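K.L.:
okay, here's the prediction I keep looking at, along with the sequence it came from:
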Amino acid sequence: MDKSKRPFLKSKQSFRSRLPPIQSGDRISYRNMSLISRFISEQGKVLSRRVNRLTLKQQRLITMAIKQARILSLLPFLNNEKQFERAELTDRTTGLRTRMKRVYS
């Protein structure tokens, strides 16, 4: 059979089945920081369900647990490193502006 006549046949590539990110014994709770921290990006954002490989129910529970942990100050709303970088940049630019005003005044 020609290749042109079988357009819908899939290639026979083997794939490795991955372990689920949440085991059956893990409890999804705002107190379980080791579990929650796996589903947050470096910027402090909640990773998507496709990236996490979670079910819809698990993703909802993880999101709610992250929000509760943020409200109770167990997790930051933003990653502090980025916040400090922005603060340093604004200090530098405002300092430059004030120096320029002094020179031209």
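P.N.:
Arrived safely, thanks for sending.
K.L.:
show me what counts as buried in stretch 45-57.
P.N.:
Across stretch 45-57, burial judged by 16 or more other Cβ atoms under 10 Å covers 46, 49, 52, 54. All C-beta spots, glycine's among them, are computed from the backbone N, C-alpha and C.
K.L.:
want to throw the residues you listed into TSV with pLDDT and distance to Gly25?
P.N.:
Below are the buried residues of stretch 45-57 laid out as TSV (pLDDT from 0 to 100; distance: Cβ to Cβ, whole Å):
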residue	pLDDT	distance to Gly25
Val46	94	23
Arg49	92	21
Asn52	90	18
Leu54	91	16
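K.L.:
wait, a helix at Arg70?
P.N.:
Yes - the assignment for Arg70 (DSSP: H, G, I helix; E, B strand; the rest coil) places it in a helix.
K.L.:
who's in contact with it?
P.N.:
Residues in contact with Arg70, defined by Cβ atoms under 8 Å, 6 or more residues apart in numbering, are 76-77.
K.L.:
now with 7 Å?
P.N.:
Contacts for Arg70 (Cβ atoms under 7 Å, 6 or more residues apart in numbering) come out as Phe77.
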